[in-house]
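1. with the sequence up front, the predicted model follows.
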Amino acid sequence: MDMEHCPQCGTEIFIQDEDSGEIVCSNCGFVISYRVLDASGRMV
């Protein structure tokens, strides 16, 4: 997945929700990633 641009609106600005681990587009709210994992597999 191209993490440089939102696939829905094309913006380059994302927000990471610390509680859910989601990465969402700051413009349209499209969920880019459901969970962010570090190299060991733990949610960050």
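-> Great, that's in hand.

2. what about the closest residue to S33 other than its chain neighbours, how many neighbours?
-> Of all residues not flanking S33 in the chain, I23 sits nearest, at 4.2 Å (CB to CB, 6 or more residues apart in numbering). Glycine gets a C-beta too; all of them are placed from N, C-alpha and C. By other CB atoms under 10 Å, 17 other residues sit near I23.

3. check the gap between I23 and R35 for me.
-> Distance, I23 to R35, using CB to CB, to the nearest Å: 9 Å.

4. wait, E4 touches T11, no?
-> No - look at E4 against T11 with CB atoms under 8 Å: they stay out of range, at 10.2 Å.

5. between the two, tell me which one has more neighbours.
-> Using other CB under 10 Å, the more surrounded residue of E4 and T11 is T11, with 13 against 8.

6. and that one, what does it touch?
-> Listed by CB atoms under 8 Å, 6 or more residues apart in numbering, the contact partners of T11 are 5, 25-28.

7. so of those residues, which ones are in strands?
-> C25 (DSSP state E).

8. ok, and the most crowded of the contacts of T11?
-> C25 (20 neighbours).

9. in contact with that residue, which residues?
-> So C25 contacts 6, 8-9, 11, 13-15, 32 (CB under 8 Å, 6+ apart).

10. just put these in TSV and tack on pLDDT and secondary structure.
-> Formatted as TSV, the contacts of C25 follow (pLDDT from 0 to 100; DSSP: H, G, I helix; E, B strand; the rest coil):
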residue	pLDDT	secondary structure
C6	94	coil
Q8	95	coil
C9	96	coil
T11	94	coil
I13	95	coil
F14	94	strand
I15	93	strand
I32	88	strand
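
11. which of those count as buried?
-> 6, 14, 32 (16 or more other CB atoms under 10 Å).

12. residue nearest the centroid of the chain?
-> The residue lying closest to the centre of the chain (CA atoms, centre = their mean) is I23, at 2.1 Å.

13. and it, what are its bridge partners?
-> Q16, S33 (DSSP bridges).

14. per-residue confidence at it?
-> Per-residue confidence (pLDDT) for I23: 90.
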